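1. Task: produce atomic coordinates for the following.
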Amino acid sequence: MKYAIFIDIDGTLLNDNNIVSNRTKNIIHNIIDLGHKVVLCTGRTRIYAEKISKEIGASSYVISSNGAEIYDYKENKVIYSSLISKSVIVDILHEIKNRNAKITLAIDNIEYIIGKKYNYYQKYIPKNYNSFINNHNTKQAMIIAQNKDLKILRDVISVYDDVEITNKNTILEEQGSWFSIVKKGTSKGESIKEFCNYFNISNENIISIGNDYNDIPMFNQSKISIAVSNAIEDLKNKADIITESNNNDGVAKALEKLYLSIL
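-> Residues are numbered from 1 along each chain as shown. Coordinates of the predicted model:
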């Protein structure tokens with residue numbers, strides 16, 4: 001019986017120094033050798049998830065942008081995507097232009113931004129953004145602003161029936177606070193359902209490991225759900241197993257126990 005194991009990245013797989021231990025890499029390698037799938041499932045972009053997945057030797061599939069895309073980087077193939085309406089993105093960009101705010105759009109393998117660049121794979125959204133958006137598909141948008149503007153932008157976006165706000169009120173130090181939006185119904189849980197339908201994997205064979213609110217839908221789809229000890233209380237209350245923290249090889253220790261018992 002083969003399993004699909006879905007692992008969140010930040011605060012779960014990575015420690016607070018953004019490192020994956022050799023112990024974790026070794027147990028993932030051993031599990032994959034048995035024929036199971038180990039899939040990273042993150043709110044981050046595809047390029048980030050792919051980089052970490054290759055580094056640790058996980059399966060060649062990544063779920064990114066809070067479940068908006070499943071991508072097979074070995075075959076360079078999008079297996080599933082959930083896209084925000086182009087007209088909604090154009091409206092939001094218009095609002096951003098009129099306020100002291102930054103936006104990042106997850107499009108293909110690139111982050112397109114209005115605001116300051118923070119990494120090499122970010123590019124600026126063209127000034128003629130209407131034409132640009134109409135020719136590109138947006139999986140997720142992240143909006144950063146100081147609290148007053150952020151609340152206004154959240155209120156503006158909340159009137160749209162076909163998008164929903166995720167990851168509210170996280171602090172980004174001097175940049176302000178942020179939230180992200182995806183197409184309504186998009187979540188890590190829905191993408192796991194799509195993944196398992198695609199590969200004909202039973203719900204009885206799904207395991208997930210996480211730490212935050214956006215991992216709750218992932219747990220809802222899993223036969224075995226595992227929270228690291230640094231996870232939010234709401235997630236730990238839903239977990240079947242609580243392992244040690246991301247700074248104490250929690251993922252590795254949980255996987256090692258599974259390896260010796262059911263895998």
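
2. use CA for all of it now, contacts and neighbours both
-> Noted.

3. ok, which stretches of this structure are helices?
-> Secondary structure of the chain, counting by DSSP state H: helices at 22-33, 46-56, 86-97, 129-134, 147-157, 188-198, 216-220, 233-238, 250-261.

4. mean pLDDT lowest for which of those?
-> Mean pLDDT is lowest for helix 147-157 among the helices of the chain, at a mean of 85.

5. quick revisit: for the helices of the chain, which one sits closest to N119?
-> Proximity to N119, assessed across the helices of the chain by Cα to Cα, is greatest for helix 46-56 (10.8 Å).

6. Give the buried residues for that closest one.
-> Buried positions in helix 46-56, judged by neighbour count with 16 or more other Cα atoms under 10 Å: R46, I47, Y48, A49, E50, I52, S53, I56.

7. Out of the helices of the chain, which one sits most buried?
-> helix 216-220 (a mean of 22; mean count of other Cα atoms under 10 Å).

8. hmm, who's touching that helix?
-> Identification of contacts with helix 216-220 by Cα atoms under 8 Å, 6 or more residues apart in numbering yields S187, K188, G189, E190, I192, S208, I209, S225, L235, K238, A239.

9. let's go with 7 Å and repeat that
-> Contacts to helix 216-220, defined as Cα atoms under 7 Å, 6 or more residues apart in numbering, come from residues S187, K188, G189, S208, S225, L235.

10. Pull out the CA atoms of that helix and give them to me as PDB.
-> What follows is helix 216-220, C-alpha atoms only, in PDB (Å, rounded to 0.1, in the frame of the first residue of the first chain):
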ATOM      1  CA  ILE A 216      -6.100  22.900   8.300                       C
ATOM      2  CA  PRO A 217      -7.700  22.000   4.900                       C
ATOM      3  CA  MET A 218      -4.700  19.700   4.300                       C
ATOM      4  CA  PHE A 219      -5.400  17.900   7.600                       C
ATOM      5  CA  ASN A 220      -9.100  17.600   6.600                       C
END
